[in-house]
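[1] need a structure here:
(chains A and B)
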Number of protein chains: 2
Amino acid sequence: MKFGGTSVADAERLARAARRIVAKREEGHDVVAVLSARGRTTDALIREAQEISPEPDPREMDMLLSTGERQSCALCAMVINDLGHRAISLTGSQAGIVTDTSHTKARIVDVRADRIEDALRQGHIVLVAGFQGVSTARDVTTLGRGGSDTTAVALAAAVGADVCEIYTDVDGVFSADPRIVPDARLLPVVSFEEVLEMAASGAGVLQLRSVEYARNHGVRIHCRSSFHDEPGTVVVAEQETVVENPLITAVTHSTEEARVTLKGVPDTPGVAGRITTALAQANVNVDMIIQNEPVSEGQRADMSFTVPRTDLADARRALEPLATEHGVEIATDEAMGKVSIVGAGMRTHPGVAAQVFATLGREDINIEMISTSPIKISCVIRGDKVPTAVRALHAAFALSGEGTIRQERPFGEFH
Amino acid sequence: MKFGGTSVADAERLARAARRIVAKREEGHDVVAVLSARGRTTDALIREAQEISPEPDPREMDMLLSTGERQSCALCAMVINDLGHRAISLTGSQAGIVTDTSHTKARIVDVRADRIEDALRQGHIVLVAGFQGVSTARDVTTLGRGGSDTTAVALAAAVGADVCEIYTDVDGVFSADPRIVPDARLLPVVSFEEVLEMAASGAGVLQLRSVEYARNHGVRIHCRSSFHDEPGTVVVAEQETVVENPLITAVTHSTEEARVTLKGVPDTPGVAGRITTALAQANVNVDMIIQNEPVSEGQRADMSFTVPRTDLADARRALEPLATEHGVEIATDEAMGKVSIVGAGMRTHPGVAAQVFATLGREDINIEMISTSPIKISCVIRGDKVPTAVRALHAAFALSGEGTIRQERPFGEFH
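    Below you'll find the predicted structure:
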C-alpha cells in the first residue's frame, strides 16, 4: 500500500490511512505501506533550502528532503500501535533501498528486503519512508518527485506482493484531467504501455518510473482513492486487459515544459552528440528534439529541444561551455505545453494523426513540435492553449461516450 | 563546535553559524560541528505526535524527532558549500554514534568515527546531526533532551579534538540565572565537578551527561555565545582552574520538580529495593529520597522522592503494580522546585549549610527535603518560592561581588 502526500496531510487523514492499513492486516494480509511526506512538507523544505542557498548542494538537499517521509511513517506507526497492532517504521535505507549516487534523482540499483521480511515474519506492519534510499557511497539519496510510487513498486517486487495499491487523492486514471474535462471517464483497467505513455506525456496519477519498474517486474498496480472505497483503476499487462482495444484511451497534457533553442550549431560531426551527452551527464530529461538542417554545406543549423521546466537551469548550465566554444546562442522559452493522445488501438489505425492535426487546426492552435510512438501522438503547443486543446481532442475522439468502455477483468481475482 | 537550537533557529542565524564554522576552518583547524534542531522544531514534532497518539511509541518518537537535526545540518552544509568550502552532513548513525536500545533516552555505547575522520582527511567540514544515534538493534535512537551536547563531547573525545566549543544563546556559565538575578556574574573558568553539580541541580547551560562524558574522557569544554565573540566559560579539570577555590561559585535552581509520596509502605525487607528497581527500569531519574522510619516494628512508613516533572507519568506507571500489591497509596505534587548552592570551596568550610538554612528561614521559605554533596547543598522548596530563594542566596554569599573573582588560566593556550 502506498499513500501519497495528500492522503497523510493532517492528523485526521493520517488516522484514516492507518485504519485502512489495519483493515488490510485484519483481512489476513501481510502489509508493507510506503508513505510520502505530509501535504506540502517537501515543498516547504525546498523553499527553506532555496532561501538560504541559490543552488542547494544536491547531497544536502537529499538529507533535508528525506526527513518528511520519515515523519509521516513515524506518526502513522504511532497511530497503528494505538489501534492494537504492532507497526515499525523504516527509513529507505533501513528498508534496503540501495540507489546509485545521483543525488535528488537517484535510481534504485538493489532492494535488500530482508529487514522488511523479518518484521513481517514477526507479524509487524511495516511502514517505509518513500522517495528515498541509501547510495552505494552510504549517503541518503532521494528518487526525485513522485519517487514514493517507485519505492512502493520496488518493494512490492522484492517481497513478491500480490498487488501494489497506490492510494491517492484522485479516484484513478481518467480519460483526461477532470479539472479540464469535467466529463472525463474513469478507466477501470489500463495497460502498462498506455499508462507509461500517459505518465510520460503529463498524466500525474502514476509516476513513469514506477510503472516501468512494475511492468519489468510484473507488479500489478491498483490505483485508487484514499478517501472512499470505489474500485479505481487497475494497471495490468496489455494481453490481460481487453477483447478489443479502443482506438484512443486518454488525452494527457503538461504545462510544465520549457524549450531550449541552440542557434547556429556548426554542421560538424559530433557536435549534436556532445550536446546530448552534456545534457545526459547533467541528468536533464530531454523530451523532443528538432534540428533544422542547414540550407547548404558548411552552414550552421538550429536545434530545439524540450525539457521539464524544472530541468531548465541544469540544461543551460550543462550547455554553456559548449555554446561558448562553438559560438552558439542559447534561447529559452518557459511557456510551453504539450498535449498527447494515447491508445493501444492506434497501432492499427493510421489516420489518427491527421485527425489530431485537424482538431487543433480548427481551434487555431499552432503545433510547434510533434513526436509519436505506436500508441501515442504528442504535440508541443503554447502553454496557454493547453486546456482548449485537451477539451477539443477529448470531444473529437468521443472519450466520454459509453461506446468506448472496454471489457474488464473482474476485480475479485487479485485483491 | 556545537550549535544549539536558538543558534540555528532561522536562515540568518544558520548563516551566522556557518560563517563561524568556516572562520574556524580558515584558521587551519579541522572542524566537526554538531547541530541541534532549529528553534522549536522538536517541540512542534512532539506536539504533533501527542495530537495523534496519547502515548507515542518511543521507537517511532525517535524516528520522528531525529529529523529536526538532520534538517539543520543539511541546510547549514548548503550554506557552507556556497561559502566555497566543502561540507558534508551526517546523521548520528552515519557519524558512528552507537547507542543502547533505550528509545528517547538512549546512552552512547560506542563511537565509530572513521567516516568523520575520512571526511576530515579529505578536507571536508563535517556537520553531524546531534541528539541521535543508531541502536545496537539498528533503530534510530535519541539521547534525550539536550543530547546534542553529549553528541558533541562524545565526538570530540573520539576524534581527539583540542576543544569542544558549545555555542548557545547565553554568554556562558553564570553565578545564577541572570533572568532571576540581574547582577549574576559570568564565570570565566569553572571545574567539571562544579558544572556537574550545577547541571544536576537545574542550571540549563550544559547538560549533565555531556559534562560527565567530558570529565571522564578529558574533553575540554568551552561554552560561549553564538551571537558575539566574548570569551564565555571554559570548563576544565579542578586542578587547572584556580590558585584558591572560592567558597561558593553559583546558585542554581529548578522549577521542574515533582514529588511522589508513597504512603503506608510496609516495613518489610526488600520493598524499598523493589520500588527503586522499578523506577530505574522505567528510566526515571530519581533525585532525592526520604523515608520516614515507622514509629514501631511492623508499622508502615512513608517514602517521598523527587523526579523531573517530565518523568512523573512514567514513575506513576512503574509504581502502580507495586502499590496495588502492597496496599500503598501514591500521592504526587507537581509544583515543587529546588534551589542549590555549588562551590568547590565548600569542602573545607563546614558552616555553609547553616548559612543556607538561615537565609531561607529569613525569607519564610520552608525546606521540604535536603541533599548535600561535598561541593553542593540542595533544598527542595515550593516552586513559587524559587526566585526569592535564589536572589536571597546569591546576595547572602556575595556572588556578584568583585572579591570572588578567581584567578584564571589564560585563554590563548587552548583555543
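[2] element containing A:Cys379, please.
    Using DSSP states H and E, A:Cys379 sits within strand A:376-382.
[3] show the average pLDDT along the following helix or strand past that strand.
    Following strand A:376-382 in sequence order, the next helix or strand is helix A:386-396 (DSSP H and E). Per-residue pLDDT over helix A:386-396 has a mean of 95.
[4] spatially nearest residue to the residue most central in space within chain A (excluding sequence neighbours)?
    Centre of chain A computed as the mean C-alpha position; nearest residue by CA atoms, centre = their mean is A:Gln207, 2.1 Å away. Spatial nearest neighbour of A:Gln207, excluding adjacent residues (CB to CB, 6 or more residues apart in numbering or on different chains): A:Gly146 at 3.6 Å. For every residue, glycine as well, the C-beta is placed using N, CA and C.
[5] quick revisit: I'd like to know how far the residue nearest to the centre of chain A sits from B:Ser102.
    As judged by CB to CB, to the nearest Å, A:Gln207 and B:Ser102 stand 39 Å apart.
[6] how far away is A:Met369 from A:Val339?
    In this view, A:Met369 and A:Val339 are 12 Å apart by CB to CB.
[7] show me the helices in chain A, by range?
    Along chain A, the stretches classed as helices by DSSP state H are A:11-26, A:41-52, A:58-82, A:114-121, A:147-159, A:192-200, A:208-217, A:238-241, A:271-281, A:312-326, A:352-362, A:386-396.
[8] ranking the ones you listed by mean pLDDT, which is last?
    Mean pLDDT values for the helices of chain A show the minimum at helix A:238-241, a mean of 73.
[9] for chain B, what is the nearest residue in the stretch 101-250 of chain A?
    A:Arg138 (6.9 Å; CB to the nearest CB).
[10] wait, that residue touches B:Gln94, no?
    Yes: judged on CB atoms under 8 Å, A:Arg138 makes contact with B:Gln94 at a distance of 6.9 Å.
[11] the two: which has the busier surroundings?
    Using other CB atoms under 10 Å in any protein chain shown, the more surrounded residue of A:Arg138 and B:Gln94 is B:Gln94, with 23 against 13.
[12] against B:Ala158, how distant is the closest residue to that one other than its chain neighbours?
    Leaving aside its sequence neighbours, B:Gln94 sits nearest to B:Arg115 (CB to CB, 6+ apart; 6.1 Å). Separation of B:Arg115 from B:Ala158 (CB to CB): 11 Å.
[13] out of these two, which sits in the more crowded spot?
    Per other CB under 10 Å, whichever of B:Arg115 and B:Ala158 has more neighbours is B:Ala158, with 22 against 15.
[14] now the more buried one: how far from A:Val31?
    According to CB to CB, B:Ala158 stands 40 Å off from A:Val31.
[15] swap in A:Gly123?
    11 Å.
[16] so those two - more neighbours on which side?
    Each of A:Gly123 and A:Val31 has its neighbours counted (other CB under 10 Å); A:Val31 has more, 23 against 10.
[17] hang on, that one packs against A:His124?
    No: taking contacts as CB under 8 Å, A:Val31 lies outside contact range of A:His124: 9.2 Å.
[18] so which elements touch the top strand by length along chain A?
    In chain A, taking DSSP state E as the definition, the longest strand is strand A:250-266. In terms of contacts (3 or more CB pairs under 8 Å, 6 or more residues apart in numbering or on different chains; DSSP states H and E), strand A:250-266 is packed against helix A:192-200, helix A:271-281, strand A:300-308, helix A:312-326, strand A:329-342, helix A:386-396.
[19] just the CA coordinates for the third one, please, in PDB.
    Read it as strand A:300-308. Extracted C-alpha coordinates of strand A:300-308, given in PDB (Å, rounded to 0.1, in the frame of the first residue of the first chain):
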ATOM      1  CA  ARG A 300      25.100  26.400 -39.300                       C
ATOM      2  CA  ALA A 301      21.800  24.800 -38.100                       C
ATOM      3  CA  ASP A 302      19.300  25.500 -35.300                       C
ATOM      4  CA  MET A 303      18.500  22.800 -32.800                       C
ATOM      5  CA  SER A 304      15.500  22.900 -30.400                       C
ATOM      6  CA  PHE A 305      14.500  20.500 -27.600                       C
ATOM      7  CA  THR A 306      12.000  20.400 -24.800                       C
ATOM      8  CA  VAL A 307      12.800  19.700 -21.200                       C
ATOM      9  CA  PRO A 308      10.800  19.700 -18.000                       C
END
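[20] what is it packed up against?
    Checking 3+ CB pairs under 8 Å, 6+ apart, strand A:300-308 ends up next to strand A:250-266, helix A:271-281, strand A:289-292.
[21] mean neighbour count, these: which tops it?
    Mean neighbour count (mean count of other CB atoms under 10 Å in any protein chain shown) peaks for strand A:250-266 among the helices and strands packed on strand A:300-308, with a mean of 22.
[22] what about that strand, average pLDDT?
    91.
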